[in-house]
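> take a look and give me a structure for this.
(chains A and B)
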2 protein chains.
Amino acid sequence: MFKVTFQFENGGMIDAFATEGENLLEVARKTNVAIDAPCSGNASCGKCRVKLLGGVLDSKKTRHISDEEYEQGWRLACCSKISGEVTVQVPDIASAYKSRMKVADLSSKDEVKIFENAKQQIQDAGIELKNTMEIIRVQMEIPTLDDTMPDNERFERAIKAKTGIPKVRLPYSVLKKMPQVLRMAGFKVQAVVRKTDRDVFVYDIMPEEEQTVIGGLVVDIGTTTVSALIIDMQSGEVLAKGSTGNGQIRFGADVINRIIETQKPGGHERLQDAIIKETINPMIHEMCSSIGFNSDHIYRMAVASNTTMNHLFMGIDADPLRMEPYIPTFFKTNALYASDIGISIHPDAHIILAPNIGSYVGGDITAGTMVSMIWNRPEFSLFIDLGTNGELVFGNEDFMMSCACSAGPAFEGGDISCGMRATDGAIEACRIDPRTMEPSFTVIGDEGTRPVGLCGSGIIDVISELYLCGMISPKGKFVGEGKRIRHDKYGMGSYVLAFEEEAGSVKDVEITEVDIDNFIRAKGAIFSAIRTMLASLDFDVTMIDDVYVAGGIGSGINMKNAVNIGMLPDIPIERFHYIGNSSLTGAYTMLLSTPAEKKTYEVARNMTYMELSTVPTYMDEFVAACFLPHTDASMFPSVELYQK
Amino acid sequence: MFKVTFQFENGGMIDAFATEGENLLEVARKTNVAIDAPCSGNASCGKCRVKLLGGVLDSKKTRHISDEEYEQGWRLACCSKISGEVTVQVPDIASAYKSRMKVADLSSKDEVKIFENAKQQIQDAGIELKNTMEIIRVQMEIPTLDDTMPDNERFERAIKAKTGIPKVRLPYSVLKKMPQVLRMAGFKVQAVVRKTDRDVFVYDIMPEEEQTVIGGLVVDIGTTTVSALIIDMQSGEVLAKGSTGNGQIRFGADVINRIIETQKPGGHERLQDAIIKETINPMIHEMCSSIGFNSDHIYRMAVASNTTMNHLFMGIDADPLRMEPYIPTFFKTNALYASDIGISIHPDAHIILAPNIGSYVGGDITAGTMVSMIWNRPEFSLFIDLGTNGELVFGNEDFMMSCACSAGPAFEGGDISCGMRATDGAIEACRIDPRTMEPSFTVIGDEGTRPVGLCGSGIIDVISELYLCGMISPKGKFVGEGKRIRHDKYGMGSYVLAFEEEAGSVKDVEITEVDIDNFIRAKGAIFSAIRTMLASLDFDVTMIDDVYVAGGIGSGINMKNAVNIGMLPDIPIERFHYIGNSSLTGAYTMLLSTPAEKKTYEVARNMTYMELSTVPTYMDEFVAACFLPHTDASMFPSVELYQK
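Next comes the predicted model:
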């Protein structure tokens, strides 16, 4: 056994003991030292960098570490084995996660417009905006020696008299605070309740004069990004909005690597802690702090997420999801309460989950489909969610079919050297002058924000422009020369969007052939999935009436450019609609409106799932689609290269 | 601030800081150092002894510390103020509690006879012996690519098919273990469920072949003593039986002092921890260990206790119980689950509570009344529970009235210098030869067990014998001389039952005038309560058909002697029945039989509570009854002194 010391970048250290030959990344994970490793230790992402400070380490050199960096002590944890006592410097991920956390400024109407729209749309569809949460004010007689009814009966009678509902359920938490609250309030109280025809469940009681808002929490757990809202359950107003990275990412960027991690001792707890303790709870704290809200006043929560994410969130074994015959533990469950899994809101808060419909089409898609409203129209619509996976739903008011394809994290900026989420500093839109080859772009953030990287919509634009300018081949290889085009010693080409001195980061913002290749595979997966699913229904892509694009790709998505690169079918541009994070919006409607919640379950029941991997033609479609725009150019008649 | 070091008798120490003048007992409580203080710091019990090892302490000398002991450093914590840095030795209460814990040997039929009887009696009364807990075995189809129903639906369908009940409730805990259990068991499982007409609630699932018993936990929380059973919920068999001291006793022997303690910062938690973490959970652990039972297989719990005890058990403010108008938070509640308060059994286990009917007549009495069966007879019966308080119920199948009197802990050996519970070493029965004044007694335990102290039944015998022999006056003062009668320097008389060399303890086993005085007050409280309650109904004590005596006084109680000292009314001896710990037995029937549980609620609803303190004549009755046998000897015609 050798001592392994992890020294954090900003101070503090943790010691561990490891046997000779043990993998350093594994040692870190067992010790609960967070080292980002999106590829989960396959030496492919280059993110698990550590710096050797002392002792010995048996490390393989990889393309992710330059000679100079190796000299300085940089190593990849996943490529290092323990060979003696060692001290390594590791980044302080906890602070890193914190810095990724972002609470939105709601003074901008744009941040909440999407939720206002969703409210309007479901009402237009005849769905009532009402839920079961309510505040009931009651005043009781003050007990005397002649009126010694116990507190709970006194309170229950008052609620029954007020509501006419014969059954009142008082959980332990309310019973526990009841004697003090009643006496403090002079027996005039308000109760936060869930009211149905059958019973009244009491979440909380407080003195009548206290200002009370029934808080609701909406969370979209993406594989890469987690977004959340705190809402007023009565008005539907969005009180706070936040987003952050999914803390599980250090165990793998994709769901498969995370499931594999759960199978190691303590793995379920590690993955569950990463999403709850390290991601959701800190975000709740940030959001509540930003608006001065007591998180105990959040009485209900809605979660939308893919099937693996909701299993890991609940600490439920997801291994059967990845092993034939791919069986989830649940599609739908009503069993979950905040205290079961330690969400830091009111302990009795019920957690509702947007329903899964299969192992690879989960609640994020059913929630998204709900707010896409495709189930409410006679026209044939295609709903596409560009998350870490791509999921598709096609249909109308009569039928719906769905499928999933493994697009990878490229749409959210993953697997791209300068990729990033659509937040401050991201290039979200770009044009390239076909003569000068000079780029001009829009950067997310206040005026003057300098570019740090590229989000999904920016990548689409850059690849489209490079292709239309003839700077890259249909295979995505750089052709021709230029000030901004360069090749490294291995011959790999890249295009520099912003040199270090122009950029808001310590290096050039560029796009490489590897990035382009990754992105082409991602878009190829989407397009081939669309073709395959429609073909199974004897539909051609040109028969699609409307396309609803959702996901973290960024609201700046240029649909024409997405068509140009062969990601979306070549139909008239006005038929495309970007609907943002529909998973979050769908969960928002489920929380706000009980009829919308029920409708979502109904929508899910009516969706047919199609397993693409069992369709023999899918792989051929995919290979044909890994080309700009496609090997069959006749499918993209509108795509024309620029005239120089 | 001065440093206060508590050094434990058997090693270990805890430091605290205190301001000048702070009371040492308070400092210990805040620091969570357990020092027994039944009188809760009123300098009356003398139990909070500590030994000054170093530093200074401003202590008052009391009658509980002899000159010699004071010299040796002994002090009462409650009579000591901080006046500088100090180190005191404190007893190791945790080990003391542990040593008080006793798991019964069930090979003796006597230990379980009372429960067998109770089962028979409720059946004789037409109450069915059935409850809602059940084991259901189901076998499911193993999923395939063509049959991809999620686990929870597959399981729910199987249960619905087997039971015909349309709703199955799966809590989070079951959902969480489901994928592993189903696969490990090849989809053949057994489920522990609670089955009603409306739904099936699933507590647990396990492979079909596992040997499974549905465990139930019965607990009687007495103010002084806590008793418990683990039973097989299906057969009703008692699997383990244990008893121990109530860990709250260090905060006061009576309920009032404990309620006062809860009003200090952190007080509710301290009192709740004392009963749950320090008393009930260790006892569950001991009982389970003794029979090799997994405490997670205890799926339901029944608790009987007085109103203050069940409030403190739940961590609910009991202060309104002691303040006019004396309002409990609840009489009856269904809200409690094991996980709410950290009982170490299955977290979803429902905890049912025998209902209270007033602030001073609680679930221990309603449960006891249930098994006394007085509600099922035309005759007029009196049920007396001799706990730390005395509670009475009088009535028949048509009406029942109850009241409570503050008898103090004497019946359980409290407030008596050599008093103890009815366990090994207790003198449970005694005769004194009127000529020689030599005692002969029965000691609880194996043959040859030497006496350590006196339990309630022993005290009754000794006082009765001393009185009938003419050795004490009707006021309980020693008259005459003898080898075993002695007086201390303050003139206080005592009678030695066993000299140190005969006793199983390090000092003489004796009874003092103070003990006798305390006991006379206790029996006076009982008798005057009987008289007052019956008078309010225009009944005379001679009209009682049967008397059922319950409580920790000991099965050896000699009813004639209890009449001789004027504790029980002078009616024919054959009308008295000792029914043991009826609170525990009642809770046992509630757990075992759902109809019995319902009947107990009904019995409670039909009981009228009478507040003795509001009856003007009660105090006169009490004063008249503090006499051997009574100031009005005509009420006890059968009591005659021995002829010498």
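> tell me the residue in chain A that is farthest from the middle.
Residue farthest from the centre of chain A, counting by C-alpha atoms, centre = their mean, is A:Asp146 at 59.5 Å.
> can you check the pLDDT for that one?
Per-residue pLDDT puts A:Asp146 at 90.
> ok, it to A:Asp515 distance?
81 Å (C-beta to C-beta, to the nearest Å). Heads up, the C-betas are built off the backbone N, CA and C, glycines and all.
> same question for A:Ala304.
Counting by C-beta to C-beta - A:Ala304 and A:Asp515 are separated by 29 Å.
> give me the more crowded residue out of those two.
A:Ala304 (34 against 23; other C-beta atoms under 10 Å in any protein chain shown).
> quick check on that one: phi, psi?
Main-chain dihedrals, A:Ala304, degrees, to the nearest 10: phi -120, psi 130.
> ditto for A:Met13
Taking degrees, to the nearest 10 as the convention, A:Met13 sits at phi -150, psi 160.
> what about the residue lying closest to it once chain neighbours are set aside, is that helix, strand or coil?
With C-beta to C-beta, 6 or more residues apart in numbering or on different chains as the criterion, A:Met13 has its nearest non-adjacent residue at 4.5 Å, and that residue is A:Gln7. Put simply, A:Gln7 is strand when judged by DSSP: H, G, I helix; E, B strand; the rest coil.
> quick one: pLDDT of A:Gln7?
88.
> tell me what it is bridged to.
A:Met13, A:Gln89 (DSSP bridges).
> these two touch, right, it and A:Asp92?
No: counting by C-beta atoms under 8 Å, A:Gln7 sits too far from A:Asp92 to count as a contact (10.2 Å).
> and the stretch 351-500 of chain A, which of its residues are near chain B?
A:356, A:358-359 (C-beta under 8 Å from any C-beta of the partner chain).
> neighbour-wise, which one of those leads?
Of those, with other C-beta under 10 Å as the count, A:Asn356 tops at 29 neighbours.
> pretty sure it is touching A:Asp364, no?
No: look at A:Asn356 against A:Asp364 with C-beta under 8 Å: they stay out of range, at 9.3 Å.
> shared neighbours of these two, which are they?
The contact sets of A:Asn356 and A:Asp364 overlap at A:Asn306 (C-beta atoms under 8 Å, 6 or more residues apart in numbering or on different chains).
> of all residues in chain A, which one is nearest the centre?
A:Gly222 (2.1 Å).
> and the nearest residue to that residue once chain neighbours are set aside, how many neighbours does it have?
Distances taken as C-beta to C-beta, 6+ apart place A:Gly387 nearest to A:Gly222, at 5.5 Å, with adjacent residues excluded. Neighbourhood size, A:Gly387 [other C-beta under 10 Å]: 28.
> kindly report the residues of the stretch 501-644 of chain A close to chain B.
Counting by C-beta under 8 Å from any C-beta, the stretch 501-644 of chain A sits next to chain B at A:Thr614.
> where exactly do the strands run in the stretch 501-644 of chain A?
A:509-512, A:546-551, A:576-580, A:607-609 (DSSP state E, counting those that start in this stretch).
> a markdown table for these, including mean pLDDT and mean neighbour count?
Shown next, in a markdown table, are the strands of the stretch 501-644 of chain A (pLDDT from 0 to 100; neighbours: other C-beta atoms under 10 Å in any protein chain shown):
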| stretch | mean pLDDT | mean neighbour count |
| --- | --- | --- |
| strand A:509-512 | 93 | 24 |
| strand A:546-551 | 94 | 23 |
| strand A:576-580 | 93 | 20 |
| strand A:607-609 | 94 | 18 |
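> among those, which comes closest to B:Asp348?
The closest approach between B:Asp348 and any of the strands of the stretch 501-644 of chain A, judged by C-beta to C-beta, belongs to strand A:607-609 at 32.7 Å.
> span of stretch A:271-285 from start to end?
20 Å (C-alpha to C-alpha, to the nearest Å).
> if we go by neighbour counts, what in that stretch is buried?
Under the neighbour-count criterion of 16 or more other C-beta atoms under 10 Å in any protein chain shown, stretch A:271-285 has A:271-276, A:278-284 buried.
> list the contacts of it.
Here stretch A:271-285 has contacts from A:34, A:94, A:97-98, A:101, A:217, A:219, A:221, A:226, A:228, A:230, A:242-248, A:250-251, A:258, A:261-262, A:295, A:298, A:309, A:312-315, A:341-345, using C-beta under 8 Å, 6+ apart.
> with stretch A:126-139 instead?
A:119, A:122-123, A:155, A:158-159, A:162-163, A:187-196, A:200, A:208, A:212, A:214, A:216, A:233-234, A:236, A:299-300, A:591-596, A:599.
> please narrow these to those residing in helices.
Under the assignment DSSP state H, those contribute A:119, A:122-123, A:155, A:158-159, A:162-163, A:591-592, A:594-596, A:599 to helices.
> buried only: go through those for me.
Neighbour-count burial (16+ other C-beta under 10 Å) applied to the ones in helices among the contacts of stretch A:126-139 gives A:119, A:122, A:155, A:158-159, A:163, A:591-592, A:594-596, A:599.
> list just the nearest of those residues to B:Ile571.
Nearest to B:Ile571 among those, with distances taken as C-beta to C-beta, is A:Phe155, at 45.0 Å.
> I figured the closest one hits A:Ile205, correct?
Yes: the criterion here is C-beta under 8 Å, and A:Phe155 meets it with A:Ile205 at 7.4 Å.
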